[in-house]
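S.K.: Below is the structure, and that's it, no one-letter string:
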């Protein structure tokens, strides 16, 4: 039987096996459907109404907040206020800890944003490859987990079918892009997210490898920091890298870990 990654889902749409989940699917509130089980309760729901005005702005029915931060300071949504609304919502990515590490009793584990940031750095430093856009890799890395700002990660134990999980994340992403005000940038975010989820390009292949490399590198760092042995993360990703860069970087991480284990034997 194939071993599934405790933190990573195999290429394709098999997203239900990504174990960085915070909680079982909780009741969703009003429009954006924020989960009720969060590290700190979200205190806001965006309430947009009416049609875009001639200048492209969208009226808001109420002044609301997320975690005490104001969502909007005006009745109409300007490009600036939409941008700040969106960034305020993305604050959740900075504060939500990755559940896979919590399940292994790691104290002070990385956040979703921490994980995506180092993946973006991987795209920045990766060597040039024919036909591969490093800029697109960086963008995909930045947005691939962005819907978790609303729905969090959903584990197999939640009993949510794969298609339903994907639907919930896509719906959350659409709501985030509505907060952003729509337009070209919102469309780009949706496209990048779908490209990663569907593993539909060489850039998506590479970023999925970055996802696994980042995980095992973090596992090695936590082994060193906390004196743990986190075998399952390495076993679950073995043989699942799609690109030469992913394979070589994973081999380097594994070699460093094996040397450390041998030195401590």
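M.R.: Thanks, I have it. Everything quoted here is computed from the prediction, not taken from an experiment.

S.K.: So which other helices or strands are in contact with the helix or strand containing residue 113?
M.R.: Residue 113 is part of helix 112-125 when elements are defined by DSSP states H and E. Judged by 3 or more CB pairs under 8 Å, 6 or more residues apart in numbering; DSSP states H and E, helix 112-125 is in contact with helix 79-95, helix 134-143, helix 202-226. Any C-beta I mention is one placed from the backbone N, CA and C, and that applies to glycine too.

S.K.: Okay, buried residues for that helix please.
M.R.: By neighbour count on 16 or more other CB atoms under 10 Å, the buried set for helix 112-125 is 112, 113, 114, 115, 116, 117, 118, 119, 120, 122, 123.

S.K.: now swap in stretch 90-105 and tell me
M.R.: Result for stretch 90-105 [16+ other CB under 10 Å]: buried residues 90, 92, 93, 96, 97, 98, 99, 100, 101, 104.

S.K.: Now do the contacts for the first one.
M.R.: Going back to what we said before, that points to residue 90. Residue 90 is in contact with 113, 146, 149, 176, counting by CB atoms under 8 Å, 6 or more residues apart in numbering.

S.K.: Could I get those residues in CSV, plus columns for distance to residue 201 and pLDDT?
M.R.: Formatted as CSV, the contacts of residue 90 follow (distance: CB to CB, whole Å; pLDDT from 0 to 100):
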residue, distance to residue 201, pLDDT
113, 24, 96
146, 18, 96
149, 24, 94
176, 22, 97
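
S.K.: could the helices and strands packed on helix 112-125 be laid out in a markdown table, adding distance to residue 238?
M.R.: Shown next, in a markdown table, are the helices and strands packed on helix 112-125 (distance: least, CB to CB, whole Å):
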| stretch | distance to residue 238 |
| --- | --- |
| helix 79-95 | 29 |
| helix 134-143 | 22 |
| helix 202-226 | 10 |
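
S.K.: Give me the contacts around the helix holding residue 113.
M.R.: 20, 90, 92-94, 96, 98, 134, 137-138, 140-142, 144-146, 148-149, 206-207, 210-211, 213-214, 217-218, 249.

S.K.: Can you add mean pLDDT and distance to residue 161 and give the helices and strands packed on helix 112-125 back as TSV?
M.R.: What follows is the helices and strands packed on helix 112-125, written out as TSV (pLDDT from 0 to 100; distance: least, CB to CB, whole Å):
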stretch	mean pLDDT	distance to residue 161
helix 79-95	96	25
helix 134-143	98	24
helix 202-226	97	22
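
S.K.: Nearest to residue 127, out of those?
M.R.: For those, the distance to residue 127 is smallest for helix 134-143, at 9.0 Å, taking CB to CB.

S.K.: got the buried residues for the next helix-or-strand element following the closest one?
M.R.: Of the helices and strands lying after helix 134-143 in sequence (DSSP H and E), the nearest is helix 162-180. Neighbour counts over helix 162-180 (16+ other CB under 10 Å) mark 162, 165-166, 168-173, 175-180 as buried.

S.K.: cool, stretch 176-195 as well?
M.R.: Residues 176, 177, 178, 179, 180, 181, 186, 189, 190, 192, 193, 195 are the ones in stretch 176-195 that count as buried (16+ other CB under 10 Å).
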